[in-house]
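Chemist: next come a sequence and a model predicted from it.
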Amino acid sequence: MLRFAPALIVTLLVGPILAGLAMALLPAFGYLPALGGERLSLEPWHELFAQPGLARSVAVSFASGLVTAAVSLVVVLAFLAGVSGSRLDRWIQQLVTPLLSLPHAAAAFGLAFLIAPSGLVARLLSPELTGWERPPDLLIVQDPWGLALMLGLVIKEIPFLLLMCLAALPQLDPGRHVAMARSLGYRPTTAWLKVVAPALYPLIRLPVYAVIAFATSVVDVAIILGPTLPPTLAVSILDWYHDPDLSRRFMASAGAVLQLGVTASALLTWWCLERLVARLGRHWLERGSRSCADRPLRLAGKSLILLAAFAAFAGLAGLALNSVAGFWRFPDALPQGFTAVHWLRALPSLTGPATATMIVAICATLVALALTLAALENEQRSDRHPAQGRLFSALGLLYLPLIVPQIAFLFGLVVVMETLGTRHRLGLVIFGHILFVLPYVFLSLSEAYRRFDPRWSQLALTLGSSPNGAFWRVRLPMLLAPLLTAAAVGLAVSIGQYLPTLLLGAGRIATVTTEAVSLAAGGNRRVIGVWALVQASLPLIGFVIAIGIPRLLWANRRGLQGA
Amino acid sequence: MPKRTFTAILALSLGAPLPAQADDWQAVLDEARGQTVYWHAWAGDTRVNDYIGWVTRRVRTEHGIELRHVKIDDTGSAVSRVLAEYSADNHDDGSVDLVWINGENFAAMRENDLLFGPFAERLPNFTLTRPEHNPEVVTDFTLPTQGYESPWGKAQITFYYDAEALGEDPPGSMAEILAWAEEHPGHFTYPRIPDFLGSTFLKQALIALTEDADALYSPVAQSDFEAVTEPLWEYLDALHPHLWRSGRQFPASGPEMRRLMADGELTLAFTFNPAEPAAAVADFELPASTRSYVLDGGTLGNVHFVAIPFNSPHKAGAMAVANFLLSPEAQARKQDISVWGDPTVLDVVRLDDGSRALFEQASDNPALLAPEALAETLPEPHPSWMGTLQEAWQARYVGAP
Amino acid sequence: MNNQAPHSLELRDIEIRLDGKLMVALDATVGPGETLTLMGPSGSGKSTLLAFLAGFLPPAFEARGRVVLSGHDITELPAEHRGIGLLFQDPLLFPHLSVAGNLRFGLPRCMSNRAEHIQRALADVGLAGYGERDPATLSGGQKARVALMRLLLSAPSAVLLDEPFSKLDTELRDEMRRLAFSHLQAAGLPSLLVTHDREDANAVAGAVIELSGGR
């Protein structure tokens, strides 16, 4: 059974993506009999390249992938380099981690309200400090360069990369290495950057690639924060797919293929930059300078990560304030009155979507966990140790959903599923979510699982326990904390899914996210506040449980605390 | 050719329902009982959603139909879904039973044979709209509906402003809007094309500015697009520098424009739902000093409909729901400003006294438009103009440095 | 503790290679209650040999020879069926189980009055009443004793000791050595001790083999 787990995972993930891509490729070259496209042609591409502003769309998508990844990575590394294990450091980590569960759309709404010319910051400072009696006519949110978009993405990707780094760090034994370098006269932050960072990067390369791919093709955040004239490529594609002029489906498909190309070139560019940095970095390493602005670097790392976390929390606070706000005129710092009417109106329609969300999220996460555990356990038993950080191992294909943009294959996948006649909506949605939940669960759990001291299982075996017994009685309980964290990550990923839920569920499966997005179309910030908070709180509950259960269960087991 | 068929169907279905048709309708209701109807409807407004929730409860008790509101942010996604099913040869078990639709979405679905019909004339309550007196309920952007969609409500471009911030009479025409914007830069904008409301603003401006307004009511291919639209582009080129964000950015939709009004970024805005400003005041979104009006000479108005996709497995249930939506009870409730405020498609004057009484409501809300103002409705141009205008706008203003 | 016929462990012509290179070679027999000590620097293949005997040899290695325990060839058996117990450098008490839970883990399932066995075992090593304690709260010596009792309760037919005393203080080390070997002898178990500490070898009566590695 176990032996088939990797094959099963790869088929489950790769099959649908390739099939979906194929169904995007055919219309991209003019073949879609339902719309009268019977012959292959380059017409969709001519039409696509004639779209006004296409070059700019592509440029913004491409740039936001690279900039988001670079900034997030630099901030996380600068923070980690300066970590000295102080209370402040631990507090920052505890502050940032829950942000991982914050859905992208909720974070984006919060940020938009925070930084808009009529937003929370402007209201707090006006009119006393700024002299603004009415909002200044400034282009901040949805700026044509995509800066607001990148900022929103950075805020969300920092927690992700931080968590991935924290998971990978223990196996590098950074404490000893830094101590060794310090004994050679290096300042601590410099020591970390010179000794630990180069070893850490290969371990988090994959998550970084996932960030690039995500940022080049994200839809919801780009709608809220991204440029509009033209929008990013992914948003344009969505518009074309939804255009009442059905002949635009051909161009939309060509756009989906182009999106794949843009994401691929962003990854390739990053890969080249990696080489370049490695080469330059070697010079820097070997030159042997003992200190490189240690203090400023440490300060910058801490303050930037704090700034990002505070921006996210302040945005949420702004949404919370909106959800209970009466009339709120600019530049008042607070609404003129408070009311529960927005919540009361939402409550009756909340239970259905909340239940559906939890059913889908729990099912998808359980399946993903089971498959992940099966694959990892198989790896342990067959003693095959994966090449870490390598992209192209067989099981590495499981990260395909993180690299291939959703928008490039989901529309095609819907056609495939229709052709197969699968009508079980709930099942389809769960299946669609597994595509995205599984890689994240695997990413979150594999490090802890592979690092788990093999002697524990060997010991269990020599004490007469069967391999399955050792798995259930030793490995699982001892890995409970990372297991639950991975489950919480899985839940959060599932809860945040919009396009797969909408497309595969034919709209029949209403989750808090589909509700939130469709209500957001109404632009009512009070309603958005209510739903964004609901959307943010569900995954947060998951994280609280993930942290709480081990603490409760192992209250009397010191050896597992802080594990 | 289509026109003739249309008249024939209309002739058949006019007047009181014949006994045979009543039996026929009873058969539809019998079939509908116990069906689950998936209604794909834009859900950006909690008031609309609440109203649909009320409809859900009523058709459950009345007809034993389980109505599910599939909340979508864009009608295009429902069209897209039906298309995907069509491509996959799913001709009888589609996932969309009823869709809230009009204009180019309807035109596109009709053109690709994605709709079921004709069915509107089979609905007993359809006669209450008196199509012989109100051609707009059987015409969607100049296209005859031919019974492939059933009217549900009305929309008309309605301008609104914050009287306290404005402190003068609002601009009453396109020319006055330009003059006013020059004086108050940054206080006005319109939704980004291809948004529905934004595109309607283009058409409104085009009707007011062009010298050949008649050309707009036949397919765009039959006229000299450049010549007809020349005054529009001149107007927009002059207007844009004085718009919000100097015309470098536009709000995504009507609701977003309303939010900008709420934030005090705009002073003047417009909407397709005449009751929206008053509703937003009640929702604490807009200041109590909000007032509504229409431009001199009238503004564009249209009717929105519900349609049934060709592959709906619950057509009877969908028709029963469409019929309920046309009932005086449902229409009166929809028009109630405290519920939704969407104007009725029924010919209220010709209703019987009991039904007419349902529609009488006190309208002393200062933010609400006086009902007579809506009498000045300009008909929508041919749908082909919308797409062409959108493309021309994008070619002109998208990606410009 | 183990009432079956006396056990003996035979290692017949064992050779372990990695990439064709000989890592370790050994041919020896350990009688009931006897201890064979293998001495050698790190890298001499001691751990590889233990992994092979216990059944954990990574597939990259290539092994020849037979392991015969009490007349049965166990070379091909999976680890859990070999009847070979292991004592590691670290006590490795399962952190999620209580002290008693750790001992219970090793007890054969069919055994009756398990609780009684556990209590007796704890009393044996001076830890009576420690059953419900969290293993993380025990001292190093206490942990080592629990680990030893856990091993014995699992009723192995032979025991491998992988430098089991190297991490203890000098005083504790002597005490643990005495305790461990007296129990192993009493149980009549053949045992194989791997160490690089001459003291260990001296303390244990029995043959000593120096491993030099295959180089």
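Modeler: It's in.

Chemist: now the chain, which segments are flagged as low pLDDT?
Modeler: No chain was given, so I picked chain A. A:1, A:291, A:383-394, A:561-563 (pLDDT under 70).

Chemist: try again with chain C
Modeler: Looking at chain C by pLDDT under 70, you get C:1-5, C:212-215.

Chemist: for it, what lies in contact range of chain A?
Modeler: C:54-56, C:58-59, C:78-80, C:82, C:84-86, C:88, C:90, C:92-96, C:105-106, C:108, C:134-137, C:150-151, C:154-156 (Cβ under 8 Å from any Cβ of the partner chain). For the C-beta atoms, the positions are set from N, CA and C on the backbone; glycine is no exception.

Chemist: can you say which of those are buried?
Modeler: C:54-56, C:79-80, C:82, C:84-86, C:88, C:90, C:92-96, C:105-106, C:134-135, C:150-151, C:154-156 (16 or more other Cβ atoms under 10 Å in any protein chain shown).

Chemist: packing partners for the longest helix anywhere in chain C?
Modeler: Longest helix in chain C by number of residues, with DSSP state H as the criterion: helix C:170-186. Here helix C:170-186 touches helix C:140-153, helix C:198-203, going by 3 or more Cβ pairs under 8 Å, 6 or more residues apart in numbering or on different chains; DSSP states H and E.

Chemist: who's in contact with whichever residue of the stretch 251-400 of chain A sits closest to chain B?
Modeler: Closest contact between the stretch 251-400 of chain A and chain B, by Cβ to the nearest Cβ, is at A:Phe330 (3.9 Å). With contact taken as Cβ atoms under 8 Å, 6 or more residues apart in numbering or on different chains, A:Phe330 is in contact with A:118, A:122-123, A:126, A:134-135, B:263-265.

Chemist: checking the closest residue to chain C within chain A next. Helix, strand or coil?
Modeler: Nearest to chain C, among the residues of chain A, is A:Gly559, at 3.0 Å (Cβ to the nearest Cβ). Secondary structure for A:Gly559, judged by DSSP: H, G, I helix; E, B strand; the rest coil, is helix.

Chemist: for it, which non-adjacent residue is spatially closest?
Modeler: C:Pro95 (3.0 Å; Cβ to Cβ, 6 or more residues apart in numbering or on different chains).

Chemist: isn't the one you found right next to A:Leu553, touching?
Modeler: No. Counting by Cβ atoms under 8 Å, C:Pro95 sits too far from A:Leu553 to count as a contact (12.0 Å).

Chemist: could you give the mean pLDDT of stretch B:176-195?
Modeler: Taken as a whole, stretch B:176-195 has an average pLDDT of 92.

Chemist: check the offset of stretch C:147-163 from the chain's centre.
Modeler: Chain-centre distance of stretch C:147-163: 5 Å, with Cα atoms, centre = their mean, to the nearest Å.

Chemist: tell me where chain C has helices.
Modeler: Going by DSSP H, chain C shows helices at C:46-54, C:99-106, C:114-124, C:140-153, C:170-186, C:198-203.

Chemist: want to throw the ones you listed into JSON lines with distance to B:Ser218?
Modeler: Below are the helices of chain C laid out as JSON lines (distance: least, Cβ to Cβ, whole Å):
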{"stretch": "helix C:46-54", "distance to B:Ser218": "87"}
{"stretch": "helix C:99-106", "distance to B:Ser218": "86"}
{"stretch": "helix C:114-124", "distance to B:Ser218": "94"}
{"stretch": "helix C:140-153", "distance to B:Ser218": "92"}
{"stretch": "helix C:170-186", "distance to B:Ser218": "101"}
{"stretch": "helix C:198-203", "distance to B:Ser218": "103"}
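
Chemist: the closest residue to B:Gly172 other than its chain neighbours: which element?
Modeler: Among residues not flanking B:Gly172 along the chain, B:Asp296 sits closest, at 4.5 Å (Cβ to Cβ, 6+ apart). B:Asp296 belongs to no helix or strand when elements are defined using DSSP states H and E.

Chemist: could you list the domains of the chain?
Modeler: Defaulting to chain A. Domain ranges of chain A: A:1-16+A:340-563, A:63-231+A:293-334, per automatic domain parsing.

Chemist: that's the other chain; I wanted chain B
Modeler: Taken from automatic domain parsing, chain B resolves into B:2-154+B:303-363, B:158-300+B:378-397.

Chemist: return the residues in contact with whatever residue of chain C ends up closest to chain A.
Modeler: Closest residue of chain C to chain A, Cβ to the nearest Cβ: C:Pro95 (3.0 Å). Counting by Cβ under 8 Å, 6+ apart, C:Pro95 makes contact with A:478, A:557-560, C:135-136.

Chemist: closest one of those residues to A:Leu395?
Modeler: Ranked by distance to A:Leu395 (Cβ to Cβ), these are led by A:Met478 at 23.2 Å.

Chemist: secondary structure element for the most centrally placed residue in chain B?
Modeler: Taking Cα atoms, centre = their mean as the criterion, B:His304 is the residue nearest the geometric centre of chain B, at 4.0 Å. Using DSSP H and E, B:His304 sits within strand B:299-307.
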